[in-house]
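Asker: here you go, sequence then predicted model.
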Amino acid sequence: MFAIPIKTLIAHFFFSYISSCSQWLNVQIRPRHDIPAIAKYFTTKGRYEEVNPYLVDDILAVNKSLVNPSFEECREIHLTAIIRHGTRYPTTKNVKKMRAFHNLVQNAPEGESWLRNIRQWKMWYTDEMDGRLVQKGVLDHRHLAVRLSKLFPSLISKENLQGGHIKFITSSKHRCVNSTVSFYGGLGKLWDIEDDLDFKVNDTLMRFFDQCTRFVETVDKNQSALAEVDKFIASAFMRRVQEKLADRLLVPYSNITSDMAEASFYLCAYEFAIKTINSPWCQLLDEEDALVLEYANDLKQFWKRGYGQDINSKSSCILFHDVFSRLDRVASEIRSGSNVTEAVTIQVGHAETLLPLLTLLGFFKDSMPLTSSNYVNQAQRAFRTSRMLPYAANLVLVLYDCNGELRLQAMLNERPIEFPGLAVHQGVQGAPLYQDVREHYKELLQGCNFEKECHLFPSK
Ligand SMILES: O=P(O)(O)O[C@H]1[C@H](OP(=O)(O)O)[C@@H](OP(=O)(O)O)[C@H](O)[C@@H](O)[C@H]1OP(=O)(O)O
């Protein structure tokens, strides 16, 4: 258990808030046309605002019609939120790719005037940044906390926070710990709370992929698991992106690698996500290029974290059981007429915490798998990380007591999503009976044993 004195928190926020006010105001006064045309294709490097554009005009806006009126006879009794950290710096791996591409552009021929803007751009990313949370990421979580408290006021409340009925669990990674502090700080500022933040670091839950031996050995360390990604990166689609980039930079085709095409995408994405700047880098790629680069990242996520291999989703069994055992506990507390001990659980992790769990639950599954050869057919795919997994992406599960009937609603990024394959009963939008949800996932509830699924049997 960790505790951070509230004075530290306030100091953290006071200075970050002052420094961010200008940025925040920029976000408030920036016209929408300042958003790069390709911003909606930034996959897991995308802003949360691209998934919910109404937030650009009012970062604290909520759409209560999505949750409350349909459930007038219902009372919210528990909420679990599994949240990706907020906006972060690039990892060292990508800083290196971005630096190499920037160096090439610096030495390219003069070219058109807009190329000068790129040459005047100063490389400010460093290896040490390595995925740390940025100020925008602090704001992402602070604002998300306030919006969720507006959507679920009887659960995310000052009384529950001060009564210790809101639990915080986080991955050990700095970006996740700082996001947890930011989420709590958003509530602390809202309610003038002086209490220390108690939170638990639990990588067994939030970084389960590191501890699932079968995943580590057969996917994470096994490049052949990403064969479809490698094939697509070597395909004519990616080659065309590289050629167009070379033509715009007036350099030979051989100079522009697929890593450089990816780096140009990331330079545009990070300048926008971190600074809300539509930088000159964004002029190097058109929509056709962005769709190809988006698909390459979706292929990586599909084969490394999604439906590509069964172990990807089975590695999240431990988190699946953690969520449902808590829901079962709350259900039995309600049925026995006793108080609910844990009203809210806030769990902060990574895109690779959320995606395997969404996959295990069957969300965003297409009829055909994503492969290197069906890019064109997958243009309307459901498995699209630009819409699923922006920074601060969040899966929220809310348990309701509707005149004695327990119902469970799922929301992704503040929009209801229906449990796949589960016919929803009339009258209550998107919130089936909890018992029907348990029946639907019976096989997983009775099985999905983390130790068994993750055990690696010696190869013959
Ligand atoms: O391409 P990078 O190095 O950014 O990949 C990161 C992951 O970022 P993502 O692919 O999700 O955009 C990062 O996930 P995050 O949710 O923490 O941002 C992950 O922790 C990191 O290890 C990198 O994943 P990889 O699969 O090892 O490339």
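Answerer: Arrived safely, thanks for sending.

Asker: next helix or strand past the helix or strand bottoming out on mean pLDDT in the chain?
Answerer: Ranked by mean pLDDT, DSSP states H and E, the weakest helix or strand in the chain is helix 6-29, scoring a mean of 44. As assigned by DSSP states H and E, the chain's next helix or strand after helix 6-29 is helix 54-57.

Asker: can I get that next one in CSV? Just the C-alpha atoms.
Answerer: This file holds the C-alpha atoms of helix 54-57, laid out as CSV (Å, rounded to 0.1, in the frame of the first residue of the first chain):
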residue,chain,number,x,y,z
TYR,A,54,-17.4,17.0,-28.1
LEU,A,55,-14.6,17.2,-25.4
VAL,A,56,-12.6,19.6,-27.6
ASP,A,57,-15.2,22.3,-26.8
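
Asker: in it, what counts as buried?
Answerer: Within helix 54-57, the residues that count as buried by 16 or more other CB atoms under 10 Å are 55, 56. From N, CA and C alone the C-beta is placed, and that goes for glycine too.

Asker: run the chain-centre distance for it.
Answerer: 18 Å (CA atoms, centre = their mean, to the nearest Å).

Asker: and for stretch 322-336?
Answerer: Stretch 322-336 has its average C-alpha position 26 Å from the chain's average C-alpha position, going by CA atoms, centre = their mean.

Asker: quick one: contacts of that stretch?
Answerer: Contact partners of stretch 322-336, identified using CB atoms under 8 Å, 6 or more residues apart in numbering, comprise 77-78, 80, 82, 205, 339-342, 345, 397, 399, 401, 406, 408, 434, 438, 441, 445.

Asker: out of those, which end up buried?
Answerer: For those, buried by 16+ other CB under 10 Å: 77-78, 80, 82, 205, 340, 342, 345, 397, 399, 401, 406, 408, 434, 438, 441, 445.

Asker: please flag which of those sit within strands.
Answerer: Among the buried ones among the contacts of stretch 322-336, DSSP state E puts 77, 78, 80, 82, 345, 397, 399, 401, 406, 408 in strands.

Asker: any chance of a markdown table for those residues, columns distance to the ligand?
Answerer: Shown next, in a markdown table, are those (distance: CB to the nearest ligand atom, whole Å):
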| residue | distance to the ligand |
| --- | --- |
| 77 | 30 |
| 78 | 26 |
| 80 | 19 |
| 82 | 12 |
| 345 | 20 |
| 397 | 20 |
| 399 | 27 |
| 401 | 34 |
| 406 | 32 |
| 408 | 26 |
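
Asker: so where's this structure uncertain?
Answerer: Scanning the chain for pLDDT under 70 picks out the ranges 1-33, 68-71, 423-430.

Asker: mind doing that once more with 90?
Answerer: Scanning the chain with the threshold set as pLDDT under 90 gives 1-33, 63-74, 107-117, 119-120, 194-196, 341, 402-404, 421-431, 456-460.

Asker: got the residues of the protein near the ligand?
Answerer: Within reach of the ligand by CB under 6 Å from any ligand atom, the chain has these residues: 44, 45, 84, 91, 93, 94, 304, 350, 351, 352.

Asker: at 8 Å instead, please
Answerer: Within the chain, the residues that sit near the ligand (CB under 8 Å from any ligand atom) are 43-45, 84-85, 88, 90-91, 93-94, 131, 173, 175-176, 220, 297, 300-301, 304-305, 349-353, 385, 389, 391.

Asker: can you say which of these are buried?
Answerer: When the residues of the chain next to the ligand are checked for burial by 16+ other CB under 10 Å, the buried set is 43-45, 84-85, 88, 90, 94, 131, 173, 175-176, 220, 297, 300-301, 304-305, 349-353, 385, 389, 391.

Asker: three-state assignment of residue 209?
Answerer: Residue 209 carries the three-state label helix when classified by DSSP: H, G, I helix; E, B strand; the rest coil.

Asker: residue contacts, it?
Answerer: Residues near residue 209 by CB under 8 Å, 6+ apart: 215, 216, 220, 305, 315, 352, 353, 356.
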